[in-house]
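Trainee: after the sequence you'll find the predicted model.
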Amino acid sequence: MNRGKKIYLCAINNVLSGSCSEDCRFCSQSARYRADIDRYGFKSLDTVLHEASIAISNGAVGYCLVTAGRSLDDRKCEYLSRTAKELKKRFPSLWLIGCNGTADEESLRHLAESGIDSYNHNLESSEGYYPQICTTHSWSERYSTCEAVKRAGLMLCCGGIFGMGESRKDREELIEAIASLRPEAVPVNFFIPNPSLPIGERNIDSDEALRVIESVSRKVSPSILMVAGGRESLLSGREEEMYRAGCNSIVIGDYLTTRGEKAERDRAAIANLGYEIADSCS
Ligand code: SF4
């Protein structure tokens, strides 16, 4: 019954980690919360190429290059441009995603010309709830970056995080705001509690998580609806309902600072449900 639906696997590489001066209350990379994570400068090109080859052997068709910090500054832009060119040379069919904070159109255009295919920038929460989760930059900056992504000719990957204390109304407003941007891909994340972070518990259960996925599928209808952070802890054992609700993409391997499921387990679970694993993003 599930035959015909393809599931897209995406891997994340945190190429610059930690020590961010912003105060996003959900993020263990903010220096303010002293979370117990690895912090390091830009990874070497050889390391990124090696890690990309492992992700591809695990089935990844999308590869997201993430940097900690508020914005895509010149240094990051040059690093990403160099890295993207080498990745495309070595793995031409690998879909490359940049996730590097707020950005202007010119820098985003530079990434597009270097081989980056999509840019991920999440709205994170509804505009009304945003001041509860971040005070060092504004929701409108985030929204403007998403608009600049489209003008720069990149595909837009834009989603948010659910379960950070927001109300059901906030969730619906976030989904409507995402829909207004008409992104090609939407990552749906569920907050992962960490004792270092100011947000305590996650205020979402698995039934509500499935309802959120279904609502994103119905109201945004993106080509790619990815269930990302929090999937393992919230929807384990409910994967079939997750895919039926509209999910057609997952993150394989580890997240930015938290461990994910083993890639072979995810692939086996997808095959058991009768879905195909996509062999390219195009
Ligand atoms: S700007 Fe990015 S890296 Fe910095 S605290 Fe916020 S989410 Fe984390």
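Mentor: That came through, no problem.
Trainee: ok, which stretches of the stretch 1-150 of the chain are helices?
Mentor: Along the stretch 1-150 of the chain, the segments classed as helices by DSSP state H, counting those that start in this stretch run 45-57, 74-90, 105-114, 130-133, 139-151.
Trainee: I'd like the average pLDDT over the last one.
Mentor: Within the predicted structure, the mean pLDDT of helix 139-151 is 98.
Trainee: now the helix or strand containing A268: buried residues?
Mentor: If you go by DSSP states H and E, A268 is part of helix 263-272. Of the residues in helix 263-272, those buried by neighbour count under the rule 16 or more other CB atoms under 10 Å are 263, 266-267, 269-270. All C-beta atoms are positioned from the backbone trio N, CA, C, and that covers glycine.
Trainee: what about stretch 92-102, start to end distance?
Mentor: Separation of the first and last residues of stretch 92-102 by CA to CA, to the nearest Å is 27 Å.
Trainee: quick one: contacts of that stretch?
Mentor: Contacts of stretch 92-102 with the rest of the structure, by CB atoms under 8 Å, 6 or more residues apart in numbering, involve 10, 12, 52, 56, 60-67, 69-72, 76, 80, 84, 87-88, 111, 115-121, 137, 141-142, 144-145, 154, 157, 280-282.
Trainee: what comes up buried for that stretch?
Mentor: For stretch 92-102, the buried set under the neighbour-count rule, 16+ other CB under 10 Å, comprises 94-102.
Trainee: so how far is it from its chain's centroid?
Mentor: The offset between the C-alpha centroid of stretch 92-102 and the centroid of the whole chain comes to 10 Å, using CA atoms, centre = their mean, to the nearest Å.
Trainee: mean confidence for that stretch?
Mentor: Taken as a whole, stretch 92-102 has an average pLDDT of 97.
Trainee: what residues does the stretch 51-200 of the chain put near the ligand?
Mentor: Taking CB under 6 Å from any ligand atom as the test, the list of the stretch 51-200 of the chain residues beside the ligand reads 68-70, 101.
Trainee: switch the residues you listed over to JSON lines; also include distance to R244.
Mentor: Listed next are these as JSON lines, based on distance: CB to CB, whole Å:
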{"residue": "A68", "distance to R244": "35"}
{"residue": "G69", "distance to R244": "37"}
{"residue": "R70", "distance to R244": "38"}
{"residue": "G101", "distance to R244": "34"}
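Trainee: who wins for neighbours among those residues?
Mentor: Neighbour counts for those (other CB atoms under 10 Å) peak at A68, which has 26 neighbours.
Trainee: only alpha carbons, please: show the helix holding A268 as CSV.
Mentor: This file holds the C-alpha atoms of helix 263-272, laid out as CSV (Å, rounded to 0.1, in the frame of the first residue of the first chain):
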residue,chain,number,x,y,z
ALA,A,263,21.3,5.0,9.5
GLU,A,264,20.9,1.3,8.8
ARG,A,265,18.1,1.1,11.3
ASP,A,266,16.3,4.0,9.6
ARG,A,267,16.8,2.5,6.2
ALA,A,268,15.5,-0.9,7.3
ALA,A,269,12.5,0.6,9.0
ILE,A,270,11.6,2.5,5.7
ALA,A,271,12.0,-0.7,3.7
ASN,A,272,9.8,-2.6,6.1
